[in-house]
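K.L.:
what follows is a predicted protein model with its sequence.
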Amino acid sequence: MKRIFDLFFSTIGLICLSPLLLLIGIGIVLESKGGVFYRQERIGKDEVPFRLFKFRSMRPDSDKKGLLTVGSRDNRITKMGYYIRKFKLDELPQLLNVIIGDMSLVGPRPEVKKYTDLYTITQKKVLSVKPGITDWASLEYFEESDLLSKSADPEKTYIEEVMPAKLKINEKYILNHNLVEDIKIILLTIKRIFIK
């Protein structure tokens with residue numbers, strides 16, 4: 001049932017949002033060198049890696065300077081990137097990941113291997129389900145990059161404080177998730193994007 005839900009609504013989403021997606025793509029190309037999309041390897045269900053799609057919001061090769069985004073005004077972020085990140089529009093291409101089957105609309109956000117390698121046995125339970133575009137942890141840490149920007153050591157803060165807290169939230173989700181809860185998370189995410 002969840003897969004049917006994901007396929008139906010991600011397909012409808014891509015069709016309905018196609019004019020907006022096209023405009024964003026044109027804006028990215030006109031503003032800075034590099035492709036429209038940013039693809040990064042993430043770890044999915046059963047620890048299988050996959051390529052996650054996002055609209056490119058940073059200058060090319062920015063990930064070589066660090067995997068974490070520190071603050072909404074991180075100097076690697078383009079002007080266009082700032083706005084599409086502010087409204088989470090950079091995440092929309094992940095609807096393709098949902099259609100492909102790598103992701104679900106709702107589920108624990110997928111991490112890079114560098115961080116999943118640090119998971120404890122208990123924390124690895126979140127890798128037993130498909131990762132998602134949004135989840136309870138994303139809502140709780142909606143302003144995560146701004147939070148990290150206040151830290152003297154953002155990566156340490158992420159690894160020791162933020163990541164464990166998000167994983168605890170996700171552990172609770174995978175024990176009790178259902179379609180009604182998923183719909184609630186999607187609606188709350190949409191509300192959170194537009195009501196700051």
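P.N.:
Here it is on my side, so go on.
K.L.:
ok, residue 23 to residue 80 distance?
P.N.:
Between residue 23 and residue 80 the computed distance is 11 Å (C-beta to C-beta, to the nearest Å). For every residue, glycine as well, the C-beta is placed using N, CA and C.
K.L.:
just confirm residue 42 is within a strand.
P.N.:
Yes: assessed by DSSP: H, G, I helix; E, B strand; the rest coil, residue 42 belongs to a strand.
K.L.:
what about it, neighbour count?
P.N.:
A count of nearby residues for residue 42, using other C-beta atoms under 10 Å, gives 20.
K.L.:
now the one 5 residues further on
P.N.:
As a burial measure, the neighbour count of residue 47 was computed by other C-beta under 10 Å and equals 13.
K.L.:
pLDDT score for it?
P.N.:
If you check residue 47, the pLDDT there is 97.
K.L.:
burial count for the residue nearest to it when sequence neighbours are not counted?
P.N.:
Leaving aside its chain neighbours, residue 47 sits nearest to residue 127 (5.4 Å; criterion: C-beta to C-beta, 6 or more residues apart in numbering). Around residue 127 there are 21 other residues, counting by other C-beta under 10 Å.
K.L.:
for residue 23 and residue 80, indicate the residue with more neighbours.
P.N.:
Using other C-beta under 10 Å, the more surrounded residue of residue 23 and residue 80 is residue 80, with 20 against 10.
K.L.:
any idea how far that one lies from residue 118?
P.N.:
33 Å.
K.L.:
if we can go back for a sec, and the residue nearest to residue 47, what does it touch?
P.N.:
By C-beta atoms under 8 Å, 6 or more residues apart in numbering, residue 127 lies in contact with 43, 44, 45, 46, 47, 116, 119.
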